[in-house]
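Enquirer: Compute the structure for the input listed below.
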Amino acid sequence: MQPFDPWDRLQSFIYFLNRWLQRNWQPLLFLFGTYVPLAIFAVLAMQIWQLEGGLSWDVAIMQTIHAKTNPMLDRIVPIWTQFGTRWGVFPASALIAVGLLYARRWRFLTYWPITVSGCGLINHVAKLWLHRVRPSLWEYPPVPEFSFPSGHAMASMGFVAALIVLTWNTNWRIWVWLLGGFFVVTIGLTRLYLGVHYPSDILAGSMLSIAWVIGVSLIVKPLIVKPLSSNQSSNQTSTSPSPQSSCSASPPVSTKI
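Expert: Prediction:
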């Protein structure tokens with residue numbers, strides 16, 4: 001009987017898990033990247049639709065954040081929150097699109113505007129459908145649009161998530177994760193600090209953007225490089241000289257003396 005080796009069993013399990021993930025990464029990505037975020041958004045939307053007064057944990061979180069207000073944050077937050085849309089995400093998205101056009105990354109260029117602009121369109125439709133009124137727990141200049149889901153949360157999360165997809169096979173990926181995560185979280189906190197969104201607005205907007213970005217990536221497949229066709233590869237093989245023929249070929253002998 002072969003002795004039990006836990007390290008060998010662990011290595012065998014890791015090898016099996018790695019192979020299984022390689023074979024099933026697309027269904028898993030759809031499940032956790034699209035279906036689960038959409039389910040979270042749907043649950044929040046149903047609760048918002050049924051409960052006109054809002055969710056109990058919404059108000060509790062907002063009051064906790066409002067208790068941390070101070071004059072310095074009162075000056076910084078209104079400025080930083082604008083980078084979630086018109087001062088940051090919008091111009092940066094345009095610059096990235098121009099860069100992709102200049103680099104002739106056509107698949108990326110197809111993916112990028114669909115995801116970024118799609119987040120804005122979906123947000124507009126969702127707000128008109130659910131028409132949740134903005135919170136009015138403390139004084140702040142009124143915002144004309146509806147509250148659910150948060151446009152700033154959708155724009156910032158959609159921008160960062162799409163950028164992660166574009167940089168997935170590069171060394172920039174970890175930096176996009178870290179800096180992008182900080183950006184998304186702080187933009188969401190600014191909306192809560194200003195009192196213009198409920199936490200459920202922020203969560204729903206983030207989930208909807210993740211589902212959209214991942215869903216589009218499964219269709220457009222921006223990270224897949226199209227391989228050479230069989231005709232192209234056969235043509236390249238037939239036209240490329242073989243080492244034997246190049247070695248056997250001899251230069252023409254001149255008969256001129």
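
Enquirer: any idea what R134 is structurally, helix, strand or coil?
Expert: coil (DSSP: H, G, I helix; E, B strand; the rest coil).

Enquirer: So what does it have for phi and psi?
Expert: As for R134, its main-chain torsions (degrees, to the nearest 10) stand at phi -60, psi 150.

Enquirer: so it touches R191, yeah?
Expert: No: R134 is not in contact with R191 according to C-beta atoms under 8 Å; the separation is 10.5 Å. Using the backbone N, CA and C atoms, a C-beta is placed for each residue, glycine as well.

Enquirer: burial measure for A126, as a count.
Expert: Close neighbours of A126, defined as other C-beta atoms under 10 Å, add up to 21.

Enquirer: which SSE is it in?
Expert: Here A126, judged by DSSP states H and E, is contained in helix 106-130.

Enquirer: Check the burial of the nearest residue to Q47 once chain neighbours are set aside by counting its neighbours.
Expert: Among residues not flanking Q47 along the chain, L55 sits closest, at 6.1 Å (C-beta to C-beta, 6 or more residues apart in numbering). Using other C-beta under 10 Å, the number of residues around L55 comes to 15.

Enquirer: L55 and W129: what is the separation?
Expert: Going from L55 to W129 by C-beta to C-beta, to the nearest Å gives 18 Å.

Enquirer: And A153, by the same measure?
Expert: With C-beta to C-beta as the criterion, A153 and W129 are 17 Å apart.

Enquirer: which of these two has more neighbours?
Expert: Set A153 next to W129 and count neighbours by other C-beta under 10 Å: A153 wins out with 26 against 12.

Enquirer: tell me the centre residue of this protein?
Expert: Nearest residue to the geometric centre of the chain (C-alpha atoms, centre = their mean): A161, 1.5 Å.

Enquirer: Show me what secondary structure element comes after the helix or strand that that one is a member of.
Expert: Using DSSP H and E, A161 sits within helix 151-166. The helix or strand immediately downstream of helix 151-166 is helix 173-194, counting by DSSP H and E.
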